[in-house]
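>>> test case, fold it:
(one chain, ligands or ions: 1)
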Amino acid sequence: MTARWVPAGGVVERVASTRLPTEYGEFTAYGYRTARGVDHLALVRGEVAGGEVAGGGDDVDGAGTLVRLHSECLTGDVLGSLRCDCGPQLRLALAMIAEAAKGVVVYLRGHEGRGIGLAAKLAAYALQDDGHDTVDANLALGLPADARDYSDAAAILTDLGVGKVRLLSNNPAKAAGLSEGGIGVVGLEPLVVPANPENAGYLATKRDRFGHILPTR
Ligand SMILES: Nc1nc2c(ncn2[C@@H]2O[C@H](COP(=O)(O)OP(=O)(O)OP(=O)(O)O)[C@@H](O)[C@H]2O)c(=O)[nH]1
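This is a model prediction of the structure:
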């Protein structure tokens, strides 16, 4: 077991690494623990360490490593909920990164419900069934519209030796959060999955109120 504290951005300790064969391909899984006791997971494909120092270094082609920051979503990722696009996005990202020569999926625990937690997200869903959109439902509960922080993700990437990324996301706030944590974001690559009748309104709100890069229909 190796332990390493990374002061840049968040503070994470690498507590484990192991082989993780999946239906998409084999990854190396790294377990990280934060000072707040939250465990995150990084799934790494290929040789990502070194050669990609933000701002230049010896990053020969400047392309950056393909990275997905995935916010935990029990209902979408595990239970197949149609209320969001999280599950299909996670599976698409795993497939894309498994196909790439190198890449990382950082699975961020503590991000459930855009950081408000699972039970509060379910309460927000109930309000959405009464007519609130996904932003106003959080606010009506007295909670932030989006409480997520990306400093742990930046610290994990730093620990992995990844300084420059092509980010698989529709959310510009994720790119900004990584940049604030010292990671160079050289590209924001959309991760668009087909909408369904249950999540069409949610996706439209993400586009219109959070500025997500999503198609207009
Ligand atoms: N509060 C709240 N959280 C939600 C809702 N639907 C999904 N989530 C959570 O939102 C998070 C995912 O955020 P999204 O806004 O869907 O997408 P994103 O991660 O910001 O952007 P992408 O990188 O493009 O996926 C997960 O933690 C989900 O649990 C909702 O209606 N209300």
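>>> might one say that L167 is in contact with A175?
Yes. L167 sits in contact with A175 when judged by CB atoms under 8 Å, with a separation of 5.5 Å. (Each C-beta comes from the backbone N, C-alpha and C, glycine too.)
>>> these two: who's more crowded?
Taking neighbours as other CB atoms under 10 Å, L167 and A175 compare with L167 leading, 24 against 19.
>>> for that one, helix, strand, or coil?
strand (DSSP: H, G, I helix; E, B strand; the rest coil).
>>> next helix or strand past the longest helix along the chain?
Longest helix in the chain by number of residues, with DSSP state H as the criterion: helix 86-99. The helix or strand immediately downstream of helix 86-99 is strand 103-108, counting by DSSP states H and E.
>>> give the pairing partners of that following strand; include direction for each.
Partners of strand 103-108 in the sheet, by DSSP bridges, are strand 39-45 (antiparallel), strand 65-71 (parallel).
>>> so how far is it off the chain centroid?
7 Å (CA atoms, centre = their mean, to the nearest Å).
>>> wait, does it make contact with the ligand?
No. Strand 103-108 does not reach the ligand (CB under 6 Å from any ligand atom); its nearest approach is 8.1 Å.
>>> now swap in stretch 109-119 and tell me
Yes. With CB under 6 Å from any ligand atom as the criterion, the ligand is reached by stretch 109-119 at H111, E112, G113, R114, I116.
>>> roughly how far does the residue of the chain most remote from its centre sit from the ligand?
Distance from the C-alpha centroid of the chain, by CA atoms, centre = their mean, peaks at D130 (28.9 Å). For D130, the distance to the ligand (CB to the nearest ligand atom, to the nearest Å) stands at 13 Å.
>>> for A200, same thing?
For A200, the distance to the ligand equals 13 Å [CB to the nearest ligand atom].
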